[in-house]
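Engineer: Predicted structure and sequence below. I'll ask about it afterward.
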Amino acid sequence: MPALAVGSIAPEFALRSQYGEPLELAALRREGPVLLVFYPFAFSAVCGGEMHVLRELHEHFTAAGITVIGVSVDSKYALQAWSLDMGIPFSLAADFWPHGEVARAYGVFDEERGMATRGTFLIGTDGTVEQVLTGPVAEARDFTVFLPAGPPPPD
C-alpha cells in the first residue's frame, strides 16, 4: 500500500508515548497541526541522526504551532531509554502492538522487515494531510521543508 497522499484524511490513532501517556491524533490536532515522523527503529544510526536534527528544529516547530510526534514499532520502554539518552524534547509514539498498525494505516510499514519506513506527514487541524515526505530507509530526511517560513538560519 502506498503512503497517504496530500489531501487524504489522516487515519485516527491512539498510541502511548515513551512515558506511557496517551497520544490521540484527534486531541493533538485540536492544539494545531501535527507532524508525524515515522522511522524504523530507536538506537539506529540514521534514526539517531534524524532525531538530532528534529531536536535542533524543535523550537522552530513549536513557534509555528506544530506538534512533532515520532512513531516507530519499538516498545515504549525502548523509546523512553532512547529519548532520555538523546534528550528528545517531543513525544515518541510506540506503534508496538498491534505491531505497526498505525504505520500500515499511513502506508509506511515494511511487511517483510516488520518496521516503519521513513514517512513524514504534516496533518492539519481538520485532519487533512497537508504535506508528505517519504524516502529510502538508509537516507535521512530534510525536515525543514515542513517549517512554514522555510529553513531556519544557520547558528
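Structural biologist: Good, I have the coordinates.
Engineer: low-scoring stretches of the protein, by residue?
Structural biologist: 1, 150-155 (pLDDT under 70).
Engineer: Assign the most centrally placed residue in the chain to helix, strand or coil.
Structural biologist: When the chain is reduced to its mean C-alpha position, the closest residue under Cα atoms, centre = their mean turns out to be Val37, at 1.9 Å. The three-state label given to Val37 by DSSP: H, G, I helix; E, B strand; the rest coil is strand.
Engineer: Repeat that for Leu28.
Structural biologist: At Leu28 the chain is in helix, as set by three-state DSSP.
Engineer: Quick check, it in contact with Val71.
Structural biologist: No - taking contact to mean Cβ atoms under 8 Å, the distance of 12.0 Å between Leu28 and Val71 leaves them out of contact. Yep, even glycine has a C-beta here, placed from its N, CA and C like the rest.
Engineer: In terms of neighbours, single out the busier of the two.
Structural biologist: Using other Cβ atoms under 10 Å as the criterion, Leu28 and Val71 rank with Val71 on top: 27 against 18.
Engineer: show me the contacts for the more buried one.
Structural biologist: Under the criterion of Cβ atoms under 8 Å, 6 or more residues apart in numbering, the neighbours of Val71 are 15, 36-39, 92-93, 95, 102-103, 116.
Engineer: at 7 Å what do you get?
Structural biologist: Val71 makes contact with 36-38, 93, 95, 102-103, 116, according to Cβ atoms under 7 Å, 6 or more residues apart in numbering.
Engineer: now those: which count as buried?
Structural biologist: Buried positions within the contacts of Val71, assessed by neighbour count (16 or more other Cβ atoms under 10 Å), are 36-38, 93, 95, 102-103, 116.
Engineer: can you tell me which residues contact Val68?
Structural biologist: Taking Cβ under 7 Å, 6+ apart as the criterion, Val68 is in contact with 35, 37, 54, 58, 61, 90.
Engineer: Can you tell me which of those are buried?
Structural biologist: Taking 16+ other Cβ under 10 Å as the criterion, what is buried in the contacts of Val68 is 35, 37, 54, 61, 90.
Engineer: And the first one, how far from Gly114?
Structural biologist: In other words, Leu35. 24 Å (Cβ to Cβ, to the nearest Å).
Engineer: got it, and the second one?
Structural biologist: Counting by Cβ to Cβ, the gap from Val37 to Gly114 is 19 Å.
Engineer: Sounds good, over and out.
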